[in-house]
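K.L.:
Let's see this in three dimensions:
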Amino acid sequence: MRKSITEERIQRIREVLAKRQKDLTLILNNIHDPHNVSAILRSCDAFGVHGVQLYYTRESFPLVGKRASASARKWVDRVRHNDAAAMIKGLREQGYQIIGTSLTSEARPLPEWDFTGPTAIVLGNEHRGQDPALDALIPDNLFIPMQGMIQSLNVSVAAAVILYEAWRQRQLRGCYDRPSFDPEEMEKHVCSWMER
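P.N.:
Just a heads-up that it's a prediction; the model follows:
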């Protein structure tokens with residue numbers, strides 16, 4: 001039985017969807033800790049990311065609990081991939097710049113990147129980083145400048161820092177002032193969200 005939905009709830013759904021960025025996504029690459037995945041989904045929801053790409057080849061996608069994710073998993077679409085080349089090709093054909101998060105000698109600091117156009121950012125496994133299959137396909141990498149002895153952040157914290165920078169740039173550009181969905185897409189998503 002479908003629960004009743006109020007006009008206020010429908011209005012809230014429309015307001016949130018109007019700020020969703022359909023051309024900003026993360027590629028979650030074999031991230032195994034369900035708490036990290038939950039925190040990443042919460043950050044995606046907070047910064048208006050509509051959906052994420054799941055590239056899982058070694059680990060299974062973790063069971064993400066409703067409590068741990070604060071139900072963010074319900075509001076962030078997930079698309080599964082098992083072929084790195086096909087996933088990257090598909091994103092590039094849609095006009096995405098694809099940025100890895102490997103600490104290579106050619107990597108550029110986070111603030112030097114322009115996130116106002118279609119962008120996909122890879123977040124690799126907590127221990128191994130991003131898969132070699134992705135390394136071979138993604139020449140561009142970013143790093144988060146840090147001042148301490150430890151030169152890495154927890155993957156969920158890194159996701160939040162990167163998404164904040166993307167949000168900051170897009171906010172300045174006015175990207176959140178107009179829906180990224182056309183009217184037909186918007187109505188489709190409103191109907192879908194009313195069922196969640």
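
K.L.:
can we go C-alpha only for contacts and neighbour counts from here?
P.N.:
Noted.

K.L.:
helix, strand or coil for residue 54?
P.N.:
Taking DSSP: H, G, I helix; E, B strand; the rest coil as the rule, one finds residue 54 in the strand state.

K.L.:
distance of it from residue 144?
P.N.:
With distances defined as C-alpha to C-alpha, to the nearest Å, the gap from residue 54 to residue 144 amounts to 22 Å.

K.L.:
Just want to know which of the two has more residues nearby.
P.N.:
Taking other C-alpha atoms under 10 Å, residue 54 and residue 144 do not tie; residue 54 has more neighbours (20 against 17).

K.L.:
Can you name the residues bridging to that one?
P.N.:
Residue 54 has these beta-bridge partners by DSSP bridges: residue 28, residue 80.

K.L.:
repeat for residue 21
P.N.:
Each beta-bridge partner of residue 21 is listed here, defined by DSSP bridges: residue 49.

K.L.:
what's it in contact with, if anything?
P.N.:
Under the criterion of C-alpha atoms under 8 Å, 6 or more residues apart in numbering, the contact list for residue 21 reads 48-50, 176, 179-180.

K.L.:
Would you map the helices across the protein?
P.N.:
Defined through DSSP state H, the helices belonging to the chain, from first to last, are 7-19, 34-46, 66-69, 72-75, 84-93, 132-135, 155-173, 183-194.

K.L.:
Contacts for the fourth one next, please.
P.N.:
The contact list for helix 72-75 (C-alpha under 8 Å, 6+ apart) reads 38, 41-42, 45, 50, 64, 66, 193, 196.

K.L.:
Could I get the average pLDDT for it?
P.N.:
What helix 72-75 shows for mean pLDDT is 88.
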